Every structure is written in C-alpha cells, then in structure tokens.
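[1] Below is the sequence, then the predicted model.
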Amino acid sequence: MISSIDLSVNLADLCQRANQSLVVVQNGRRGAGAGVIWRSGGIVVTNYHVIHRGRPRVSLLDGSEYTTRVLAKARHIDLALLKLELSESDRSSLPVAEIADSRMLRVGQIALALGHPWGQLGSVSMGVITSLGSLPLRWRKRAVNVIRTDAGLAPGNSGGPLIDASGAVIGINTMIVGWDQGVAVPSHVVNEFVEKALGKTVLPVAS
Amino acid sequence: MSNSDGNNPLTGLSNAMADSVEKAGAGTVMLNARRRFPASGILYDSDLILTASHVVEREDEIPVVLADGSEHTANLLGRDPGSDLAVLRLSSAVDPQADFAGQEARIGQLVLALGRPTPEGIQASLGVVSAVAGPVHTRRGGLLERHIRTDAIPYPGFSGGPLIDGAGEVLGVNTSGLTRGASITIPSGLALHIAQSLAEHGSVKRGYLGVRSQPVEIPQHQQDGLGRQQASGLLLVGVEKKSPASEAGLMVGDILVGFAGQPVADPDELFTLLTGEVVGKPTAVEIVRAGVRQEVTVTIGERK
C-alpha cells in the first residue's frame, strides 16, 4: 500500500533536487527558455530554438549567472549545447543532472516537466508518458524518436528536462502540440548529440 | 526520502501504472472503421470487440490491429447510437482479453485513459475520476443511466478505448461522441450489459409505453394520498393510439407517479425504468386520476 502522504513528500523532495540542475536560458529580447546541466564542466543542454542566435546567458535558480559559449547546434532535433564560462570555484559545485537510459521507458510511467512556463521559474507539472514513437523530419528522409507526455507544457518549458519518478532526466522538452501534448527528445538521443559535439563517449547513467 | 534507488513510493506508483498500461493495453485494439480516423476498441471476449458506435462507419471487413501488431478483420454485430456503443466480431478468436473491474469507479480515483490509434504502440493519459453521475442526455436522443467523467486528456483516436484503474482493470469505455466537445466514460457494468444485447440481438431492447408527458407538482394533500413524500410526477399530455398505454386505459390528464413499484418524478426516471427487461411484461403503473391514486397494469411494448 502506497501512502499518499509519503508520495507527496517524496514528490516535493524529488522536484527540489532536480530543480538544482535546471537553468534559465536568456537570449536578449527573445524571452527565456530552460536548460539542464548535463555534464560536469558547465555543459548545458537546451533547445536550438531557445538560443537561435547570439550568446545566451544562463542563470541557476539560486540566482548565479553565467556567460556562455555555444558548442553545438542541431536544428533537426531542436538541441543546442552550451558551455558556461566558469570560475575555478564553480567548477566543482555545479550540480549535474542524473540522466536515465531512455531506451527503457514505458508508456504510463510518471513524467515530470521542469521549466519556466510563462516565465514562472522552476515550475513543475506532472503527467505520464503518453506514447513512445517517432516524428518524421520535414526536410530529411528520417524520423527522430520522441516521448509524448500529457504533463502540461507552455512557452518557457522549452529546453527543460522531463524527469522520471526517481528524478533522472528522460528527455528534453521541445514543443507543445495543440496545447495538450508535449514532445520531448529522449535522453539517449541527447547523449548521442552531446557525444558527437564533445568528441567523447558519454555513457548513459542507469537510474 | 531523497533517494533514487528505485524503492521510493513514487517509482513504485510509476512502475505500477506502466504495468497497468501494459496489461490493459494488451486487450486494446486499433480499428480502421472510418476513413482517415482510426480509433480504439476493447477485446472483451475471444472474438468480440467493444467500441464506440460513432467511430464505426463501415460494417464489413473492418481492419483491426492487435497489441502484438497482427492484422485481422472484423464485422459489425450491432450498435446502439443512444449509448454510442458498438460490438464487432473478429474473424477468428484471439488473446488476450481485457479484465473488467468488479467495482464502480470512485471520485478521486487515479485512472488512465488508453488508446491505440496507431500501430506504433499503446497511448495513455493520466487523470482522476471527477464525477460518477446519474442519467445524462446524449446527442443522439439517448439517455445514459450512468456515466463517469475524468480529467484525463482524450487524445484523438481514444474513443472506444478503455478507462483503467491502477490494477489495469477496465472501469469503462471512453467516447467523445456523446456530448459535444467532451469525453465521457460509459461504466463497464452498463457497457457490458448493452454489449451483450448488441451481440445477441444486434440492437438494444428498450421498453415502450406510448405517452408524452411533462413534470408537474403534486399538491400536499395528494402526496398524503400516495402515502409518501413525492413532490412531482408526470402529467400525461399525450397518449399514442394503439400504444400499450392506451390499451391499458391511461388517459391525458393522468399524473404518472410510479412505475413497477418505483416512484417516478421526472421523464428521465421513467426512461431509465423502461428497460428491455420489462418488454412484454404486465407492469404496475401508479397514477393520480382526478386526485385519486390508482394502479393500472400495462403490458409494456418494445421501442422500435
């Protein structure tokens, strides 16, 4: 028997912990998006459409701000990789997100979206994985794997993490379909992109 | 409590919900019974599929895709537009079938709506039971005795699919074809009852009395005559010729206050009592005529 009080406390703890690796990505007048501290050394993943042009600034929910360098962009999967310009003391203290193996996902499992919908920093919405499938790419004869969720998403959630019930990141939220369905790029696709960009092997961390 | 070892209550719940989806998803099929808009169905017997009537636009050679991806065909056995249910028969017996919950849905209960509108895999959305309520008038002139409302998002193609509980058992059939712009769920008990009738007779038998009526207030002294507190009854404003009502001598001006031992205070209550079970049976109809309570025996007909 699951106690709903335990469940509620558990959920709050989990969100607090996961929000430590959540960042705000500011890009001039284009509004704010979200991002995740993906690896140590200040490596942040966000959406391509959030950074688009220029040098985005990144801040954590504790208020600390960083200038960034864009390491890589992939328009077709709407991903971008940023490197924060860190001082020596920041280097060890940045909380890196736990990344789940998104090849093991199941429809119906809990999914939580973290981000800044309508500018509300560090918001959480809960739902389940609605479906696991693929989305055809318009200008290429390829399809990209996607996670669909009924967790509520809004502008400002873009680039933020979709996490599982243990708090590990299962995907990066990228868009909203018809206001009632969110689409996320699974972590294993993000890992491939990060790996290629950094030229090193990034192993998925099992949760 | 801040652990990530997979033993916290939230991961427990998450795994249980994924298990429920897997279990009930195995009995949820994809139907191509109308052009361009696939929908879902529930395998409730080895060769019988329960679905929503409005998603079935063809009667024969309906393509069906099972959870394992295998392709089959089915034909329409019967439909009831009033409750938006239809039953299809597969050309061969298959496994596995859906399990139905023994108890009715409860308000606040965690539920999942399932659908299989594509061959890509099962789809689910999460919600809670918002209401379990009495009769609701449907778009096609029907009346649903009970229905469930939830806040789970009804994605395109979810009509005809199941609403399931945490154990993966079916609480009801989802449809967006009964009320404009919203999805409601037909409770399993009612849906299976209708399905049985559709599988056997191709339609749902409903009782026919042959009266037109409107609710009226019953004055206190007449309530005393009834021997119970009943604030309203049905004033008969029309009695169809050669109908069961006219054969039994019911007249315009009578106030119908009871049917088969049950008080009747509004037209919905009468409609609910005129089930297939009473067809052909002599049934006691309680009326107030000229201020006096009377009982008339009516042999109920069948609504065509």
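    Now that the structure is in, tell me what you want to look at. Model, not experiment: these values are computed from the prediction.

[2] so B:Pro81 touches B:Leu144, yeah?
    No. Using C-beta atoms under 8 Å, B:Pro81 is not in contact with B:Leu144; the gap is 11.8 Å. The way it works is simple: take the backbone N, C-alpha and C, and place the C-beta from them, glycine included.

[3] okay, those two: which has more neighbours?
    Between B:Pro81 and B:Leu144, counted using other C-beta atoms under 10 Å in any protein chain shown, the more crowded position is B:Leu144 (25 against 18).

[4] Show me what the more buried one is bridged to.
    Beta bridges link B:Leu144 to B:Val136, judged by DSSP bridges.

[5] now could you export just the CA positions of stretch B:101-120 as PDB?
    C-alpha atoms of stretch B:101-120 as PDB (Å, rounded to 0.1, in the frame of the first residue of the first chain):
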ATOM      1  CA  ALA B 101     -13.100  -4.000 -12.700                       C
ATOM      2  CA  GLY B 102     -15.600  -5.500 -10.300                       C
ATOM      3  CA  GLN B 103     -16.400  -2.200  -8.600                       C
ATOM      4  CA  GLU B 104     -17.600   1.100  -9.900                       C
ATOM      5  CA  ALA B 105     -15.200   4.000 -10.300                       C
ATOM      6  CA  ARG B 106     -14.800   6.300  -7.300                       C
ATOM      7  CA  ILE B 107     -14.400  10.100  -7.300                       C
ATOM      8  CA  GLY B 108     -10.700  11.000  -6.900                       C
ATOM      9  CA  GLN B 109      -9.500   7.500  -8.000                       C
ATOM     10  CA  LEU B 110      -6.300   7.700 -10.200                       C
ATOM     11  CA  VAL B 111      -7.100   6.500 -13.700                       C
ATOM     12  CA  LEU B 112      -5.600   6.200 -17.100                       C
ATOM     13  CA  ALA B 113      -7.300   6.600 -20.500                       C
ATOM     14  CA  LEU B 114      -5.900   4.300 -23.100                       C
ATOM     15  CA  GLY B 115      -6.000   4.400 -26.900                       C
ATOM     16  CA  ARG B 116      -4.400   2.700 -29.800                       C
ATOM     17  CA  PRO B 117      -4.900   5.000 -32.800                       C
ATOM     18  CA  THR B 118      -1.600   4.000 -34.500                       C
ATOM     19  CA  PRO B 119       0.200   0.700 -35.000                       C
ATOM     20  CA  GLU B 120       3.200   2.400 -33.200                       C
END
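
[6] pLDDT averaged over that stretch, what's the number?
    Taken as a whole, stretch B:101-120 has a mean pLDDT of 95.

[7] Those residues of the stretch 51-200 of chain B touching chain A, which are they?
    B:Leu112, B:Thr118, B:Glu120, B:Gly121, B:Ile122, B:Gln123, B:Ala124, B:Ser125, B:Leu126, B:Ala152, B:Ile153, B:Tyr155 (C-beta under 8 Å from any C-beta of the partner chain).

[8] which SSE is whatever residue of the stretch 1-150 of chain B ends up closest to chain A in?
    Residue nearest to chain A within the stretch 1-150 of chain B: B:Val21 (3.1 Å; C-beta to the nearest C-beta). Secondary-structure assignment from DSSP states H and E places B:Val21 in helix B:9-25.

[9] which of the residues in that helix are buried?
    Of all the residues in helix B:9-25, those buried under the rule 16 or more other C-beta atoms under 10 Å in any protein chain shown are B:9-21, B:23-25.

[10] now do stretch B:199-219
    Quick answer for stretch B:199-219 (16+ other C-beta under 10 Å): B:199, B:203-211, B:213, B:215, B:218.

[11] With stretch A:97-107 instead?
    A:Ala97, A:Glu98, A:Ile99, A:Ala100, A:Asp101, A:Ser102, A:Leu105, A:Arg106, A:Val107.

[12] Show me what the helix holding B:Val21 is in contact with.
    A:2-3, A:6-7, A:10-11, A:14, A:106-110, A:128, A:164-166, B:67, B:98-99, B:110, B:112, B:114, B:116, B:122, B:124, B:126, B:162, B:164-170 (C-beta atoms under 8 Å, 6 or more residues apart in numbering or on different chains).

[13] What subset of those residues is buried?
    A:7, A:10-11, A:14, A:106-110, A:128, A:164-166, B:67, B:98, B:110, B:112, B:114, B:116, B:122, B:124, B:126, B:162, B:164-165, B:168-170.

[14] Among those, which lie within strands?
    Judged by DSSP state E, the buried ones among the contacts of helix B:9-25 include A:Ile110, A:Val128, B:Leu110, B:Leu112, B:Leu114, B:Ala124, B:Leu126, B:Pro162, B:Ile164, B:Val170 as members of strands.

[15] picking up where we left off before, please compute how far the helix holding B:Val21 lies from its chain's middle.
    Centre-to-centre, helix B:9-25 and its host chain are 27 Å apart (C-alpha atoms, centre = their mean, to the nearest Å).

[16] right, and the helix or strand after that helix?
    Taking DSSP H and E, what comes next after helix B:9-25 is strand B:28-31.

[17] Which single one of the buried residues of stretch B:199-219 is nearest to chain A?
    Closest to chain A out of these is B:Ala199 (29.9 Å), distances taken as C-beta to the nearest C-beta.

[18] Return the distance of the closest one relative to B:Asp80.
    Using C-beta to C-beta, to the nearest Å, B:Ala199 is found at 11 Å from B:Asp80.

[19] Great, nothing more from me.
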